[in-house]
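Engineer: Okay, sequence plus prediction incoming.
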Amino acid sequence: MSHLVLRHLSKCFHRQGIPALKDLSLTVAAGEIFALLGPSGCGKSTTLNLIAGLLEPDPVPYPGEIWLDGILLNPLPPERRGVTLLSQYSRLFPHMSVGENVAFGLKMRRIPKAEREAQALRMLERVQLAGFAHRRPAQLSGGQAQRVALARALVIQPKLLLLDEPLSALDANLRQEMQNLILDLQAESGVTTVLVTHDQAEATAMAQRIGLMFEGQLHQVGSPAEFYQQPASERIARFFGGVNFFDAQADHHELWVGEGIRLFYGAVPQQGKVRLTIRPEQIQVFSHPPTFPHNVCRAEVISERFTGTQRRLTVQTALGLLQAWVAPHQGFGVGQVVWIHLPPEALWCVEGSRSVPILPLAV
Ligand SMILES: Nc1ncnc2c1ncn2[C@@H]1O[C@H](COP(=O)(O)OP(=O)(O)OP(=O)(O)O)[C@@H](O)[C@H]1O
């Protein structure tokens, strides 16, 4: 298993233009699945192309370095890096059979014919395409072709697997299947993997850690749970589907919102105006006032939407409109007066480029 270190990677495609990548440094642990996540154009593919050797990092402001297992990759051509890149545009060779496609990398490595055919067949079995070895790529569905491309990428046992939105051309069901297949194969082979995606749900489902990029820079690195529960800024919280943001006034241990409503008693990280966020699934909704005294607010249900796994309520409160997602069996009607509880451990203060928890004090 190999570990990857990126140091000070910068890339500017146009002189005096906006850099696609600005001084990116990152370590990916051996055997880890790491997702580079961010909106279109933030520099994710550029990062992968630098690692794969399809692009060179700029020498300024710092000479960027790419290390794999303690070996500096910069001087090595793509084929000698031990790195395989798979993208939605990875094409199979149309004139070769599926089996020959999978065995191609082994042929390049001069593995004898019988051995490479056996390995290719084993790999095709792993992607559930054992009976397809003699077909041509044109006779495959999109999902099958992508499974063959995955088999071709893994059969050569790369040190590092780079996945550049490999599933984005597939429909939702196939995507899910492929995600599971990639996770299984990755667990079996232990190959260190960097996945590029703009879909936070995909990054959350697949990666042990996520690096979120905006405009060529990493803004937060952490586990999926950290992104949901401890977003480093309002922008990151919004990217992860955060919908509840409101202002409050902090005065000693108290937070005040709206017209003199005391929201909280606890260790408030700063004084004066603070911006708060809470995830919709962490707000609790009651039809009667609960007995506990803090962080409870009267509200009115404005709308209700049933998603199958949740009831998504929009409630009007003194804090403004909030989204509260409750269990499907919790029925609330539009117009109903309810009480919402904002658990202190779920409240986060987001300010500029950092965020701080609000810790409850013993009452
Ligand atoms: N070969 C190139 N020549 C010029 N500009 C480029 C080139 N490749 C990328 N860029 C620019 O660099 C920036 C980052 O592009 P990149 O493809 O890395 O983003 P991305 O995050 O992968 O986006 P997407 O999710 O849309 O693929 C973009 O502004 C893009 O237009």
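Structural biologist: All right, it came through fine. Numbering: from 1, shown residues only.
Engineer: can you pull the contacts of the residue nearest to the spatial centre of the chain?
Structural biologist: The residue lying closest to the centre of the chain (Cα atoms, centre = their mean) is Ala203, at 2.7 Å. Contact analysis of Ala203 by Cβ atoms under 8 Å, 6 or more residues apart in numbering lists 35, 37, 195, 197, 210, 224. Quick note: C-beta positions are derived from backbone N, CA and C, even for glycine.
Engineer: List phi and psi for whichever residue of the stretch 51-200 of the chain sits closest to the ligand.
Structural biologist: Nearest residue of the stretch 51-200 of the chain to the ligand: His198, at 4.9 Å (Cβ to the nearest ligand atom). The phi and psi values for His198, taken as degrees, to the nearest 10, are phi -100, psi 10.
Engineer: Relative to Met213, how far out is it?
Structural biologist: 10 Å (Cβ to Cβ, to the nearest Å).
Engineer: any common contacting residues for these two?
Structural biologist: 37-38, 44.
Engineer: which of these come close to the ligand?
Structural biologist: Contacts with the ligand within the shared contacts of His198 and Met213, as defined by Cβ under 6 Å from any ligand atom: 38, 44.
Engineer: Out of the shared contacts of His198 and Met213, which comes closest to Ala237?
Structural biologist: Leu37 (13.9 Å; Cβ to Cβ).
Engineer: List the residues that contact that closest one.
Structural biologist: 44, 197-200, 203, 210-213.
Engineer: Val326 now?
Structural biologist: 284-285, 310-311, 313, 332.
Engineer: roughly how far apart are the closest residue to Glu65 other than its chain neighbours and the ligand?
Structural biologist: Using Cβ to Cβ, 6 or more residues apart in numbering and skipping residues adjacent in sequence, the residue nearest Glu65 is Arg7, 4.3 Å away. Counting by Cβ to the nearest ligand atom, to the nearest Å, the separation of Arg7 from the ligand is 18 Å.
Engineer: mind listing what the strand or helix carrying Arg7 pairs with, with the direction of each?
Structural biologist: Arg7 is located in strand 4-11, with elements delineated by DSSP states H and E. The strands beside strand 4-11 in its sheet (DSSP bridges) come out as strand 21-28 (antiparallel), strand 65-68 (antiparallel).
Engineer: need those strands in CSV with mean neighbour count, can you?
Structural biologist: Compiled in CSV, these are given as follows (neighbours: other Cβ atoms under 10 Å):
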stretch, mean neighbour count
strand 21-28, 19
strand 65-68, 18
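Engineer: Present these as JSON lines; the columns should include distance to the ligand.
Structural biologist: Compiled in JSON lines, the strands paired with strand 4-11 are given as follows (distance: least, Cβ to the nearest ligand atom, whole Å):
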{"stretch": "strand 21-28", "distance to the ligand": "7"}
{"stretch": "strand 65-68", "distance to the ligand": "16"}
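Engineer: Now tabulate the ones you listed in CSV and tack on mean pLDDT.
Structural biologist: Shown next, in CSV, are the strands paired with strand 4-11 (pLDDT from 0 to 100):
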stretch, mean pLDDT
strand 21-28, 96
strand 65-68, 96
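Engineer: Quick one: closest of those strands to Thr277.
Structural biologist: strand 21-28 (26.2 Å).
Engineer: Run the chain-centre distance for that closest one.
Structural biologist: 16 Å (Cα atoms, centre = their mean, to the nearest Å).
Engineer: Tell me which residues are up against the one helix or strand Ala145 maps to.
Structural biologist: Using DSSP H and E, Ala145 sits in helix 142-155. The contact list for helix 142-155 (Cβ under 8 Å, 6+ apart) reads 84-86, 88, 90, 92, 98, 101-106, 119-120, 123-124, 126-129, 132, 137, 140, 161, 166-167, 169-170, 174, 177-178, 181-182, 185, 189, 191.
Engineer: partners of the following helix or strand past that helix in the sheet?
Structural biologist: Where DSSP H and E defines the elements, the next helix or strand beyond helix 142-155 is strand 160-164. Using DSSP bridges, the strands paired with strand 160-164 are strand 83-87 (parallel), strand 192-197 (parallel).
Engineer: just checking, next helix/strand downstream of strand 160-164?
Structural biologist: helix 172-189.
Engineer: got the buried residues for that following helix?
Structural biologist: 174-175, 178-179, 181-182, 185-186, 189 (16 or more other Cβ atoms under 10 Å).
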